[in-house]
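Peer 1: Predicted structure and sequence below. I'll ask about it afterward.
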Amino acid sequence: MVSSAYPAFLMIFGITFTVLVWSAVELWRKPMVAERMSDSILQMRLGLGNERLARSLARAFLPGVLMMGFVCLTASSPLFAGGVQSIVSAVGLVGVAVSLVLMGLVALFNMPKFLVPPHMRADKGLFTRD
């Protein structure tokens, strides 16, 4: 049984996901967005004062948005019927795990290139030698 607050939760989650997708598209198209994202990460102290780390976190934004989509799918699984609910939940959880691995690969090694914004593909990953 689904709580009455659940649809409101999913609506807020869906709006947040929509904004994140829009941000990912902007990051993909405009190099200036990557610079602003990196600067924001540095200002929030998430980059620990390391510009290369901040840029790698911005570069891993697309797999992060994919992960958010799978989290949304997993969270909406109670809305499905019995047999389908477990399948949706399993697909969502596997998607979250794969997205986490992809986030790590993009941030640490700048691979796979198709997940890296075109203007950031020449960057070095955190574990790539200079």
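Peer 2: Yep, that arrived.
Peer 1: now the strand or helix carrying V33, how far from the centre of its chain.
Peer 2: Following DSSP states H and E, one finds V33 within helix 31-43. Centre-to-centre, helix 31-43 and its host chain are 16 Å apart (CA atoms, centre = their mean, to the nearest Å).
Peer 1: on contacts alone, who are the packing partners of it?
Peer 2: helix 6-29, helix 51-59 (3 or more CB pairs under 8 Å, 6 or more residues apart in numbering; DSSP states H and E). Just so you know, the C-beta spots here come from the backbone N, C-alpha and C atoms, and that holds for glycine as well.
Peer 1: How much space separates the residue most central in space within the chain from T18?
Peer 2: Geometric centre of the chain, nearest residue: G64, 1.1 Å, by CA atoms, centre = their mean. Distance, G64 to T18, using CB to CB, to the nearest Å: 15 Å.
Peer 1: next one: V116
Peer 2: With CB to CB as the criterion, V116 and T18 are 23 Å apart.
Peer 1: More neighbours: which of the two?
Peer 2: Using other CB atoms under 10 Å, the more surrounded residue of V116 and T18 is V116, with 21 against 10.
Peer 1: Pretty sure the more buried one sits against N110.
Peer 2: Yes - contact criterion CB atoms under 8 Å: V116 and N110 qualify, at 5.9 Å.
Peer 1: what residues are shared contacts of the two?
Peer 2: Residues touching both V116 and N110 (CB atoms under 8 Å, 6 or more residues apart in numbering): 59, 123.
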